[in-house]
Structures are given as C-alpha cells and as structure tokens.
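1. following is a predicted model, sequence given first.
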Amino acid sequence: MITATKARIESGRLLIGGEWVGGSKKFETINPATGEVLTEVVEASKDDVDRAVEAARRAFEDRSGTWRKMSASERGRLIWRLADLVEKNVDELAELETLDNGKPIFESRQVDMPMVVDVLRYYAGLATKIHGETVNTFETAFTYTLREPVGVVGLIIPWNFPLLLASWKLGPALACGCTVVLKPAEQTPLTTLRLGELAVEAGVPAGVLNIVTGGPETGKAIVAHPGIDKIAFTGSTAVGKEIMRGAANTLKRVTLELGGKSPNIIFADSEIDNAVKGAINGIFYGKGEVCNAGSRLFVESKVHDELLEKLVGRAKKMQPSDPLDPKTRLGAIVSQEQMRTVLGYIEAGKKEGAKLIAGGNRVSVGGGKGFFLEPTIFGAVNNDMTIAQEEIFGPVLSVLAFDDVDQVIELANRNAYGLAAAVWTRDVKKAHSVSRRLKAGTVWINTYGLMDASLPFGGYKSSGFGRELGMHAIEHYTELKTVWLNMG
Ligand code: NAD
C-alpha cells in the first residue's frame with residue numbers, strides 16, 4: 001500500500017458560529033481501502049443543529065452585521081479567496097477525499113478538486129450578476145422585481161463526491177447571500193471539515209457557514225428545523241422522498257438531486273472503439289458510485305457481439321488497486337455496507353437469468369481488508385430485471401440489445417429515473433432526435449459524463465427536481481419579490 005503524505009487527519013469537530021466545538025457523541029470514519037479507522041467525528045445532536053441554525057439565522061438577519069452589509073462584489077471576492085485556498089491545498093484535500101471515500105487519487109486530484117475550484121470561481125463571478133428587473137405596467141406605476149436571498153439553507157450531501165457536491169450548493173448559496181448549515185455524509189466528512197477551516201481562513205464571517213457532521217438523525221433535525229428556509233439535498237431517491245415529507249410541515253423550499261439508472265445507447269453506426277471507451281468510463285469511473293453512471297448499456301444488435309468482446313477485454317484489464325496509487329483507475333467501494341449491497345445486486349442478476357460475462361467478485365488488494373470489487377458486466381439483460389431497473393451504485397454494467405430507434409427509446413425511458421443518458425452515432429439527425437425523446441436532465445452525444453460549472457445538472461422523474469450549476473441554480477437560493485410604487 002502507498003501511504004498518504006499530505007493529509008492531516010484530525011479528530012472532527014463542528015463549526016458553529018465561527019467556532020470549532022466538540023460534541024458528546026462520536027462515530028468512526030473508515031478508510032475503505034484498508035478497513036481501518038481514520039479518525040472520530042462528532043455526531044451532531046438536535047441541540048447542536050439548533051445552535052448551528054441559530055448562528056446561521058443571526059448572521060442572516062442582523063442587518064448591521066458583516067454578512068448583510070457585505071456588497072455582492074465583496075461576497076464574490078470572498079468566494080474567490082476560498083477557491084484560491086482550496087487550490088493551494090489541493091493535494092491535501094485530494095488525499096483526504098481518497099482516504100475517506102476510496103476513490104482513485106487520480107480522480108480526486110485531477111477531477112474533483114479542480115472542479116471544486118472552478119465551481120467556486122464560477123459563483124464568485126456570478127455574485128454580482130444576480131438581479132431583478134424593471135417591468136413596464138401602467139403609466140401611473142413603477143414596478144420592479146428584487147431577487148433576495150432565500151435565507152438559511154440546509155445543505156445535505158452524499159458520500160460519492162463529498163467536496164464537489166458541497167461546492168455545487170455552497171457556491172450559489174454564498175453568492176446569493178444566504179447563510180448555511182452544511183452536513184456532509186457520515187461516511188465522508190473529512191474534506192468538508194477541512195473546507196470549514198479554509199472558509200474561516202478566507203474570512204467567511206462567523207455564522208455564515210456552519211458545519212454539522214452526523215448521520216440520518218442529524219439530517220432529519222436539519223429538515224425539520226423551523227429556522228431553515230430551504231433544503232438542498234443530494235442523495236438517494238428514498239431519502240429524497242422522506243425529505244420532501246419532512247419539509248412539508250414547515251413548507252421549506254426543497255431541491256433534490258437523486259439517483260439514476262442512465263441509459264447509454266450505442267448505435268451500429270457509431271465509432272465503436274470510442275463508444276467502448278465511453279461505456280467503460282460511463283460505468284467504472286468513480287467505481288460506478290456515480291449518480292449519472294451509464295449503468296444500462298443498450299447496444300444495437302448488429303454490433304452487439306463485437307462490442308461486447310471489446311468491452312469485456314477492457315474491463316478485465318481494469319482491476320481495482322490501491323486508491324492512493326496515481327495509476328489506479330478503480331478504487332475501493334465506499335463502505336462494507338455498500339459493498340454488500342452491490343454483491344446482493346450481482347446475486348439478483350444471476351438469479352434472474354442475466355449472463356455474468358466479467359467480474360462479479362470481491363477481491364483483495366495488497367492483502368488488506370479493503371472493500372474492492374471487480375468490474376462486473378452482465379449480458380443478456382432484460383429491461384424488467386432488477387439489475388436493469390434499480391440503481392446499484394457500484395461497478396456493475398447491464399448490457400441490453402436493441403434493433404431500432406423506437407424500441408430503444410421506449411426501453412430507455414421505461415425506468416423510474418431520468419438523470420442522464422448518452423447516444424453514440426455518426427448520424428447527426430438521429431443523435432438530436434433521440435436526445436429530444438429521452439426523458440433525462442442531461443444527454444451526452446458521442447461522449448459520457450462531461451460536466452461544467454456553467455451547465456445545469458439535475459433530473460427528470462424520480463431523479464429529483466431543481467437544477468444545480470449554471471445560472472439556474474440562483475433561482476433556488478433566492479426569492480423573487482415584486483414591488484409596486486404608485487406614481488399617480
Ligand atoms: P443517502 O440518501 O443515504 O444519504 C445522503 C445524505 O442524506 C447523507 O448526508 C445522509 O446522512 C443524509 N440522510 C440520510 N437519511 C436522512 C434523512 N432521513 N433525513 C435527512 N438526511 C438524511 O445517499 P448516499 O447513499 O449518501 O448517496 C448515494 C445516493 O446519492 C445515490 O442514490 C446517488 O444516485 C445519489 N446521488 C445523486 C446525485 C445527483 O446529482 N443527482 C449525485 C450524487 C449522488
């Protein structure tokens with residue numbers, strides 16, 4: 001095993017009202033590549049959440065306080081300073097993410113952290129471009145709209161892209177002038193806690209960013225709290241539904257980025273080798289623990305056998321190894337529990353008659369107790385099987401054959417989710433018409449998984465609602481006020 005050299009792992013504390021405070025209850029965070037304990041983290045109680053919300057409320061409401069007096073331009077510069085500090089500490093943050101989540105250091109260092117910086121800078125720039133409009137109504141009236149911060153926002157984050165998904169929410173929240181109570185996932189709290197230190201260093205005023213660690217109970221306390229105006233959640237569809245129900249009592253604004261079972265469609269007229277690479281990246285990037293993973297691969301029958309052979313050849317070369325090794329492309333599954341869930345789906349696939357053509361097993365890496373799985377591919381999958389319908393959230397690909405455009409669109413859309421999709425073809429007209437007919441928040445043509453801070457991301461159907469990234473995120477962190485002045 002390669003050992004970490006940059007990460008400084010401290011026992012966790014909570015950031016409340018600008019102070020780092022302890023807590024009575026703690027839980028362990030585990031390195032999934034070794035099964036060993038990394039450190040202990042505070043499990044924030046309901047009282048801790050109360051204190052965090054109070055601090056956020058105070059910072060938001062105090063009209064003569066630092067935050068409310070800060071101009072949009074100053075807020076932008078503050079977010080930019082935070083981005084600079086993330087960039088300065090990028091190696092340490094990447095190592096922490098890899099230790100906590102098990103993802104390859106290549107992904108943490110070259111993809112996640114640079115995008116965190118990019119997203120923060122995008123919203124730093126956007127802070128000065130948030131505005132209402134004047135509207136012509138009557139000669140005797142002056143009418144205009146104001147875009148005001150929605151208030152205190154609760155940000156609840158999953159474990160698969162811990163710091164990146166926190167930045168998708170924190171960037172627009174701060175740009176709009178909201179204050180924040182942020183809860184990372186219990187499996188991966190370390191980079192968020194480090195971000196809290198960097199936020200203090202950047203000069204984020206006390207109470208503007210509060211960080212509470214903990215599991216579902218801490219999350220529930222945030223959702224139920226009457227002092228929170230909006231919840232931005234990324235996570236599973238089951239918890240998303242619970243959050244909607246929990247937020248109903250206080251009529252909080254809610255945005256939900258939920259699960260996916262994205263169809264990746266390869267037509268016979270595509271550039272097959274590129275499509276194979278796209279299919280491999282689509283499912284095995286991030287160990288398949290990616291909301292937009294291309295977990296249902298539809299292949300036109302004419303090229304099915306040729307493509308499958310190439311796919312299996314590539315998958316077999318992609319064995320899991322030490323996440324800290326820069327050459328590693330497949331890391332450790334985030335937790336023992338998640339590994340068991342994925343193995344359960346592999347069993348379900350076999351039982352329901354799909355053909356296991358690659359992988360399927362747990363493997364030992366470096367003789368350790370880590371949670372590693374082989375890249376797994378099932379052929380002869382029927383769209384009604386469990387492995388074609390449910391989100392597995394692991395390195396498991398289901399391959400389905402199809403014969404024509406109408407059939408594949410019907411199959412692709414016959415699923416509860418609608419987060420993303422991809423189409424591989426040389427025919428431009430077909431690419432665009434298929435893209436229009438797919439029920440998905442993002443469609444990639446001849447590529448897979450590209451993202452940019454400026455482009456909205458989010459789901460149709462059970463993949464949630466609301467869009468993150470880009471300008472549209474601003475709508476979810478602001479209220480729109482109409483003002484009438486009688487000039488008669
Ligand atoms: P999860 O839903 O179990 O947990 C997500 C977060 O919610 C964690 O912080 C958890 O502590 C908290 N939580 C759990 N129960 C809660 C409750 N009852 N009330 C309030 N908070 C609660 O999800 P996960 O297992 O961490 O992440 C995997 C899921 O996230 C997958 O379904 C994946 O598709 C989804 N995801 C979606 C996107 C997207 O952008 N659409 C991105 C990444 C992950």
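-> Done, it's in.
2. got the residues of the stretch 351-488 of the chain near the ligand?
-> Neighbours of the ligand within the stretch 351-488 of the chain, by C-beta under 6 Å from any ligand atom: 391, 393, 419, 459, 463-464. Every residue, glycine included, has its C-beta placed from N, CA and C.
3. over to the stretch 151-300 of the chain?
-> Residues of the stretch 151-300 of the chain lying near the ligand (C-beta under 6 Å from any ligand atom): 156-160, 165, 183, 185-186, 215-216, 219-220, 223, 234-236, 239, 242-243, 257-260, 291.
4. verify the stated contact: Ala412 with Ile265.
-> Yes: with contacts counted by C-beta atoms under 8 Å, Ala412 reaches Ile265, the gap being 6.4 Å.
5. which residues do these two both contact?
-> Listed contacts common to Ala412 and Ile265 are 298, 421; contacts here mean C-beta atoms under 8 Å, 6 or more residues apart in numbering.
6. quick one: the strands in the stretch 51-200 of the chain?
-> 134-135, 141-149, 152-156, 179-183 (DSSP state E, counting those that start in this stretch).
7. dump those strands to TSV, plus mean pLDDT and mean neighbour count.
-> What follows is those, written out as TSV (pLDDT from 0 to 100; neighbours: other C-beta atoms under 10 Å):
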stretch	mean pLDDT	mean neighbour count
strand 134-135	96	10
strand 141-149	98	15
strand 152-156	98	28
strand 179-183	98	27
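8. distance of the closest residue in space to Ala440 that isn't next to it in sequence relative to the ligand?
-> The spatial neighbour of Ala440 that comes closest, neighbours along the chain excluded (C-beta to C-beta, 6 or more residues apart in numbering), is Ala421 at 4.1 Å. Using C-beta to the nearest ligand atom, to the nearest Å, we find Ala421 at a distance of 14 Å from the ligand.
9. Ala421 - how many residues pack around it?
-> Using other C-beta atoms under 10 Å, Ala421 is surrounded by 30 other residues.
10. does it have any beta-bridge partners, and if so which?
-> Val443 (DSSP bridges).
11. need the contact list for it.
-> 262-265, 412, 435, 438, 440, 442-444.
12. ranges for the helices of the stretch 301-450 of the chain?
-> With DSSP state H, counting those that start in this stretch as the criterion, the stretch 301-450 of the chain has helices at 301-317, 336-351, 386-389, 405-413, 428-437.
13. now the residue in the stretch 101-250 of the chain positioned nearest to the ligand, what's its secondary structure?
-> Per C-beta to the nearest ligand atom, Gly219 is where the stretch 101-250 of the chain lies closest to the ligand, at 2.1 Å. Secondary structure, DSSP: H, G, I helix; E, B strand; the rest coil: Gly219 is helix.
14. quick one: pLDDT of it?
-> Gly219 is assigned 98 on the pLDDT scale.
15. my read is that it contacts Pro158, right?
-> No: with contacts counted by C-beta under 8 Å, Gly219 stays clear of Pro158, the gap being 10.8 Å.
16. how close does Trp80 sit to Glu217?
-> Plainly put, Trp80 is 36 Å away from Glu217 if you go by C-beta to C-beta, to the nearest Å.
17. give me the number of residues near Lys46?
-> Per other C-beta under 10 Å, the neighbour tally for Lys46 reads 14.
18. hang on, it packs against Val223?
-> No: look at Lys46 against Val223 with C-beta under 8 Å: they stay out of range, at 11.8 Å.
19. how about the helices in the stretch 51-200 of the chain?
-> Taking DSSP H, counting those that start in this stretch as the criterion, the stretch 51-200 of the chain carries its helices at 66-69, 72-88, 90-101, 105-107, 113-126, 162-176, 190-202.
20. dump the ones you listed to JSON lines, plus mean neighbour count.
-> JSON lines is the format used below for the helices of the stretch 51-200 of the chain (neighbours: other C-beta atoms under 10 Å):
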{"stretch": "helix 66-69", "mean neighbour count": "16"}
{"stretch": "helix 72-88", "mean neighbour count": "19"}
{"stretch": "helix 90-101", "mean neighbour count": "25"}
{"stretch": "helix 105-107", "mean neighbour count": "21"}
{"stretch": "helix 113-126", "mean neighbour count": "23"}
{"stretch": "helix 162-176", "mean neighbour count": "27"}
{"stretch": "helix 190-202", "mean neighbour count": "22"}
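21. can you put the ones you listed in CSV and add mean pLDDT?
-> Converted to CSV, these look like this (pLDDT from 0 to 100):
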stretch, mean pLDDT
helix 66-69, 96
helix 72-88, 98
helix 90-101, 97
helix 105-107, 98
helix 113-126, 98
helix 162-176, 98
helix 190-202, 97
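22. what would those look like in JSON lines with distance to Lys317?
-> What follows is the helices of the stretch 51-200 of the chain, written out as JSON lines (distance: least, C-beta to C-beta, whole Å):
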{"stretch": "helix 66-69", "distance to Lys317": "52"}
{"stretch": "helix 72-88", "distance to Lys317": "33"}
{"stretch": "helix 90-101", "distance to Lys317": "22"}
{"stretch": "helix 105-107", "distance to Lys317": "16"}
{"stretch": "helix 113-126", "distance to Lys317": "26"}
{"stretch": "helix 162-176", "distance to Lys317": "27"}
{"stretch": "helix 190-202", "distance to Lys317": "30"}
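23. please name whichever of those is nearest to Gly313.
-> Among the helices of the stretch 51-200 of the chain, the nearest to Gly313 by C-beta to C-beta is helix 105-107 (21.5 Å).
24. and that closest one, does that touch the ligand?
-> No: using C-beta under 6 Å from any ligand atom, helix 105-107 never reaches the ligand; the gap is at least 13.9 Å.
25. pLDDT score for Met1?
-> pLDDT recorded at Met1 is 66.
26. show the contacting residues for the most centrally placed residue in the chain.
-> In the chain, the residue lying closest to the centroid (C-alpha atoms, centre = their mean) is Leu165, at 4.4 Å. Leu165 makes contacts with 157-158, 234, 257, as judged by C-beta under 8 Å, 6+ apart.
27. Val181 now?
-> Shown in contact with Val181 (C-beta under 8 Å, 6+ apart): 49, 52-53, 56, 152-155, 210-212, 222, 228.
28. report the beta-bridge partners for it.
-> Gly154, Asn210.
29. now the buried members of the residues of the stretch 151-300 of the chain next to the ligand.
-> By neighbour count, with 16 or more other C-beta atoms under 10 Å, those hold 156-160, 165, 183, 185-186, 219-220, 223, 234-235, 239, 242-243, 257-260, 291 as buried.
30. measure the residue found closest to Phe402 once you drop the neighbours it is linked to in the chain to Phe138 for me?
-> Distances taken as C-beta to C-beta, 6+ apart place Val408 nearest to Phe402, at 4.1 Å, with adjacent residues excluded. Counting by C-beta to C-beta, the gap between Val408 and Phe138 amounts to 54 Å.
31. looking at the two, which is more packed in?
-> Remark: of Val408 and Phe138, Val408 carries more neighbours, 24 against 11, as counted by other C-beta under 10 Å.
32. I figured the more buried one hits Ala401, correct?
-> No: between Val408 and Ala401 there is no contact under C-beta under 8 Å: 9.6 Å.
33. so which of the contacts of Ala421 wins on neighbours?
-> Neighbour max across these (other C-beta under 10 Å) = Ser262, 34 neighbours.
34. leaving out chain neighbours, which residue sits closest to it?
-> In this structure, Ser262 finds its nearest non-sequential neighbour in Ala420, 4.3 Å apart by C-beta to C-beta, 6+ apart.
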